[in-house]
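S.K.: Sequence and predicted structure, then a few things I'm wondering about:
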Amino acid sequence: MELLSAIAQRSSTRSYTGEELTAEELDTLLTAGLQAPTATNRQELHFTVLAGDDPVLFAIQEAMGARMRPEKNFWYDAPTVIVISGERDFRWTAVDAGIAVENIALAAEGLGLGNVILGCLKAAMDADTGGSFAKTLGFPEGYTFQIAIAVGRKAAGKEPHTYDREKQVTIAGLEGLRAFQCQ
Ligand SMILES: Cc1cc2nc3c(=O)[nH]c(=O)nc-3n(C[C@H](O)[C@H](O)[C@H](O)COP(=O)(O)O)c2cc1C
């Protein structure tokens, strides 16, 4: 699939078949994450791969509390969850993690896989001051949770979101650019 098609067609999947990813698919996703740019090429991110039935996911779900629970579990029974952690004290870690997770999302889309970015566990991860989740998830020393992504085969799709170009885009500067109409 062409890159621009993957960008245009990507949408969050919240319903998965139980089918596992193949080793090749998982490798493609992780490679996409590792190929993402990082500020000053610091490469300060770590990727933890979990099966959808890993007990730590259920423990995190429990720690999130009832208020945060979606109708299913927070990874929507996806067969694979990738948790991205990063250096706590580097200025650009959150941005770099966001870029990496989108690289993974687009790679998943390119493979025809469903995916959903997961931030809802952040409060529970940040509250884990004893570092028990971080330890179980294999975060390197000094790394904290940044973002996660669930991936699997789509059981149900969703249209890409709509957007308000007028509200979100300003074309400033040259007169010629002011007349520019985004398609
Ligand atoms: C940083 C971030 C965190 C998100 N966290 C969650 C989440 O915890 N649970 C969830 O179901 N979707 C989550 N999403 C998915 C958004 O809800 C989704 O991208 C948005 O509604 C637009 O829909 P689309 O992805 O289908 O275009 C998150 C997305 C981003 C970018």
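M.R.: Cool, the structure landed.

S.K.: Can I get the longest helix along the chain as PDB, trimmed to CA atoms?
M.R.: Of all the segments of type helix in the chain, defined by DSSP state H, the longest one is helix 93-110. C-alpha atoms of helix 93-110 as PDB (Å, rounded to 0.1, in the frame of the first residue of the first chain):
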ATOM      1  CA  THR A  93      10.900  11.600  24.600                       C
ATOM      2  CA  ALA A  94       7.100  12.100  24.400                       C
ATOM      3  CA  VAL A  95       7.400  13.600  20.900                       C
ATOM      4  CA  ASP A  96       9.700  10.800  19.800                       C
ATOM      5  CA  ALA A  97       7.300   8.100  21.200                       C
ATOM      6  CA  GLY A  98       4.400   9.700  19.400                       C
ATOM      7  CA  ILE A  99       6.300   9.600  16.100                       C
ATOM      8  CA  ALA A 100       7.300   5.900  16.700                       C
ATOM      9  CA  VAL A 101       3.800   4.800  17.600                       C
ATOM     10  CA  GLU A 102       2.400   6.400  14.400                       C
ATOM     11  CA  ASN A 103       5.100   4.700  12.400                       C
ATOM     12  CA  ILE A 104       3.900   1.400  13.900                       C
ATOM     13  CA  ALA A 105       0.200   2.400  13.200                       C
ATOM     14  CA  LEU A 106       1.000   3.100   9.600                       C
ATOM     15  CA  ALA A 107       3.000   0.000   9.200                       C
ATOM     16  CA  ALA A 108       0.100  -2.000  10.600                       C
ATOM     17  CA  GLU A 109      -2.300  -0.200   8.200                       C
ATOM     18  CA  GLY A 110       0.100  -1.100   5.300                       C
END
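
S.K.: Report the rounded mean pLDDT for it.
M.R.: For helix 93-110, mean pLDDT is 98.

S.K.: Show me what whichever helix or strand comes after that helix is packed up against.
M.R.: Per DSSP states H and E, the first helix or strand lying C-terminal to helix 93-110 is strand 114-118. Strand 114-118 is packed against helix 93-110, strand 143-152, with contacts defined by 3 or more Cβ pairs under 8 Å, 6 or more residues apart in numbering; DSSP states H and E. Yep, even glycine has a C-beta here, placed from its N, CA and C like the rest.

S.K.: any residues touching the longest one, and which ones?
M.R.: Defining contact as Cβ atoms under 8 Å, 6 or more residues apart in numbering, one finds that helix 93-110 is touched by 1, 3, 6-7, 9-10, 28-39, 42, 44-45, 47, 82, 84, 86-87, 114-115, 117, 146-149, 151.
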